[in-house]
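Trainee: Generate coordinates for the sequence data below:
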Amino acid sequence: MGFQPVEARKPADSWGLKIKKKTKLVSPCLGLFRPTVGQCCHQCTPDSLRNKLEQNSMGGFRNILSINEKHTRYRGWLVRRICCVLFVNGCKVFPSPVTNRVERVYQSNRVKEALLAEPQAEQGGDSQEQISRLPTFLPSLTPAFPLALCDASFCFGSVQVNLNHLLALHKASQEGSPLVYVYVRQSALDCALIPLALFCHNLKVPYTICTVKINNRLLRMILQRVGVVLLLNGDQTEQEFERDPLSSAVATSLIRELLHEGQAVSVAVSAEPGLGGQWLARIRQLIKDGSVPDVNLVPVGISYNCAPPANPQIGLSSVIKCLLSLLWKRSWGSVRIDLAHPFSLKVNHKRSEHQRMCDSGRCRVDDWLPLQDLLLPLILNKRSESANGRRRMSWLLSFHYASEHKPHPQDDLSIAIILHLIYSITSCKAVMSTSIISSLLLFRHRKGVKLSVLCRDVYWLTEELLFRNKDVGFGDTLSMVVHYSLSLLAPHLIMATAPSRKDPLILPRPSPAATHHLSLQAQTVTHAFIVEAVGACAVSAMLSDVAGSGVSNRVRSDGVDGDVVKGDMEFDVVLCQTELTNRALHLCHLLPPGFMPPCQSSHSFALDAVDSLVRCGILIMEEVPRDVPICDVWKREGAFSWTTSDDPYNSDSDCEELESRSYKITKPSQCPDLLFFLCSMLSGHLRSLCWATSALENLLLPLPEADFMTQIHCHLCDMARKKKTHYESCSEEAVHTALRTLIDLGVLLEKQEKGGVFLSVSPLFHSSENRQKLHRFISQYLYNYHV
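Mentor: Numbering: from 1, shown residues only. You can find the predicted model right below:
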């Protein structure tokens, strides 16, 4: 098997780390198989999967930074010293034969109509002056990738490419439909790694849609010459670019020309409002209009050991400083790139794949409801059930505001594609070793852990990830993996040891920057355990009700705030399956985009959350005495009760639904505190929601969006400093996510005025009683929350 090697460096003497050498791999499962990731969705794209899936003989991985004479057709002493140049010279280049693309873009009907609608056109302004302020798109690609290889070698120790789906990519590229590579933006280097990986494997280098602001003219010229489409210039933001009708028309015309020529395109999506989703909406609209026959979407998962900083603005001086700093210290570790299986957005010339999904009932976008319709009646009226449906996230598509933009059925289809791609990209990403250690330190050993215990938990968690069909981006002895990860995370950790103790103590550094970095690294582990995490939080919500009722008011938990009971964990309560499922269903609606499978109903996901706790040993079924055995399908009256076969929320049985089951909580043998470990994975998001809700009392008056967000952010930071922990709940990303959830809930109102966008608290939540109800509803899922 082709494992991603860990750099074999000797432990630093200053650490005093003494890890016993082991010859076995981190997990014995790595020696037997590696999970197959990046497959097409069996429900949404069965035709794409059936047409392109075949036995792949290119399994394994390749480090594209390690180029030797084996990659060239030449051999010899001199070749070994210039093998990189010979390799690049031997790679296939697909130059664009088009020379008048810019003229055709500006002469398109879309751009002409946008120019006529401009105020300058009404006043007799010069159209050439309007065109001059638009981004310049240079039409040619040149093989200038030796520079990219050198830059990547300075930044990373290795760049591993998963070879499992390269044959499918080659086959899809030969069929004629252009490839659109989609990735989730993490850093400024994302858009450079994908062309580099494709170039090294003789695939067509895509035109990269880059939203990083680069003001240096020389850098812009170089990047445009290698196929980077730089949208932003000067002080323009991505939001302003999307809201400008003329810029949007040029972008749509450009993407049409590129796809019509058969060129590959690379775009980024994000869970933030409107970032990247509009490009996918443009592609879908072009296919619907018949301007482009078909495209193949390729989700790309990029996993970093340590993600580079995401600089919104890059200049020549910042690039030079970054390269000089990397000459002295390599701090970004390794990268793993997974190019998933391509799937067609359109299976025939009449209907797109997602349109056919909707017609056949595979993707039911008609049950998407606003979040306030799903949860607000439950929160304020204390109903036991919520409306069945999915949370509508119209803000993923554009910068239109929910209060002013009415969702269109075609918008729902585009949002379905965006959600599907975000989930597919996240699912195919490999879990790096730094992610495993970060999740253990944040979610299980926040107050510190011995090195030997940490090694044992790394072994356990790696096995659990592999059993969930989640691939890992490392392979070596346990000692090498742990040491290499700790060396990368060293600036964010405290490692203490005493002369009398050979086993050092490791704990996360109690600072906002360190906690935020570890939280970002741990996100891939959270995605892998999201089903179990939702179920664990549902159990926590029911236990909080039990504690509030006086039946039991103490629960042992290492590292929680407030009362801590020593001794074994005992829960002498019986939990109802129906109530557990409802609690899990309510929590599903609060999850950020990308966590839930887009093809699965919320109710089905909630049922899986409860079942997953049974599989991992947290819940055991409680036997309840019955007059009729649970396996008896006959009613007590002796007649069958049939159900409709097209009901997606019923089981396969056509008989009456059986009585609800009951469960008791137990301790898994391998991880007795697994329940608290799973609850902690969602505690950062839920805690930021609780803290933001508590800040609304002082923000009843309308405020500009930036000022409102600043005050919420300051309140969250004050809460974290007061607690001296939980700094992951006060990051900028946490503030954005919390505010978007409160807006969707109807707690906050958006209003567009002359001075910009203003946010205000809904009159319904001017009442302290309603704010307390909202606070209690969210905090019930936090097992260790204390106001």
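Trainee: Could you use CA atoms for every contact and neighbour count after this?
Mentor: Fine.
Trainee: Give me the domain ranges for this structure.
Mentor: Segmentation of the chain into domains, based on automatic domain parsing, reads 37-100+137-344, 433-527, 529-631+656-678, 683-779.
Trainee: okay if I get the ones you listed as TSV plus mean neighbour count, distance to residue 107 and mean pLDDT?
Mentor: Output for those, formatted as TSV (neighbours: other CA atoms under 10 Å; distance: least, CA to CA, whole Å; pLDDT from 0 to 100):
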stretch	mean neighbour count	distance to residue 107	mean pLDDT
domain 37-100+137-344	18	9	76
domain 433-527	19	45	91
domain 529-631+656-678	18	38	76
domain 683-779	18	33	91
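Trainee: closest to residue 389 out of these?
Mentor: Closest to residue 389 of those, according to CA to CA: domain 529-631+656-678, at 6.7 Å.
Trainee: if we can go back for a sec, any chance of the domains of the chain in CSV, plus distance to residue 371?
Mentor: CSV is the format used below for the domains of the chain (distance: least, CA to CA, whole Å):
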stretch, distance to residue 371
domain 37-100+137-344, 16
domain 433-527, 22
domain 529-631+656-678, 7
domain 683-779, 5
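Trainee: For residue 370, which of the ones you listed is the nearest?
Mentor: Closest among these, using CA to CA: domain 683-779, at 6.7 Å.
Trainee: picking up where we left off before, quick check: which of the domains of the chain is nearest to residue 425?
Mentor: That would be, of these and by CA to CA, domain 37-100+137-344, which comes in at 5.1 Å.
Trainee: Quick one: end-to-end length of the closest one, please.
Mentor: In domain 37-100+137-344, first residue to last residue: 18 Å (CA to CA, to the nearest Å).
Trainee: Over to stretch 499-508?
Mentor: 22 Å.
Trainee: neighbouring contacts of it?
Mentor: Residues outside stretch 499-508 that contact it (CA atoms under 8 Å, 6 or more residues apart in numbering): 16-18, 441-442, 445-452, 492-498, 514-515.
Trainee: Dump the helix or strand containing residue 464 to PDB, restricted to CA.
Mentor: Assigned by DSSP states H and E, residue 464 belongs to helix 451-467. The C-alpha trace of helix 451-467 is given here as PDB (Å, rounded to 0.1, in the frame of the first residue of the first chain):
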ATOM      1  CA  LEU A 451       2.200  11.200  26.500                       C
ATOM      2  CA  SER A 452       1.700   7.400  26.900                       C
ATOM      3  CA  VAL A 453      -2.100   7.900  27.300                       C
ATOM      4  CA  LEU A 454      -2.100  10.200  24.300                       C
ATOM      5  CA  CYS A 455      -0.400   7.500  22.200                       C
ATOM      6  CA  ARG A 456      -3.000   5.000  23.300                       C
ATOM      7  CA  ASP A 457      -5.800   7.300  22.400                       C
ATOM      8  CA  VAL A 458      -4.300   8.100  18.900                       C
ATOM      9  CA  TYR A 459      -4.300   4.300  18.200                       C
ATOM     10  CA  TRP A 460      -7.900   4.000  19.400                       C
ATOM     11  CA  LEU A 461      -9.200   7.000  17.500                       C
ATOM     12  CA  THR A 462      -7.400   6.000  14.200                       C
ATOM     13  CA  GLU A 463      -9.200   2.600  14.300                       C
ATOM     14  CA  GLU A 464     -12.500   4.300  15.000                       C
ATOM     15  CA  LEU A 465     -12.100   6.600  11.900                       C
ATOM     16  CA  LEU A 466     -11.100   3.700   9.700                       C
ATOM     17  CA  PHE A 467     -14.200   1.700  10.800                       C
END
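Trainee: from the chain's centre, how far out does that helix sit?
Mentor: Mean-position distance between helix 451-467 and its chain equals 23 Å (CA atoms, centre = their mean, to the nearest Å).
Trainee: Taking helix 451-467 as reference, get the angle to the helix or strand that that helix is followed by.
Mentor: Using DSSP H and E, the helix or strand that follows helix 451-467 towards the C-terminus is helix 478-489. Angle, helix 478-489 to helix 451-467, by axes from the mean of the first three to the mean of the last three CA atoms, to 10 degrees: 100 degrees.
Trainee: Check which helices and strands helix 478-489 is in contact with.
Mentor: helix 433-443, helix 451-467 (3 or more CA pairs under 8 Å, 6 or more residues apart in numbering; DSSP states H and E).
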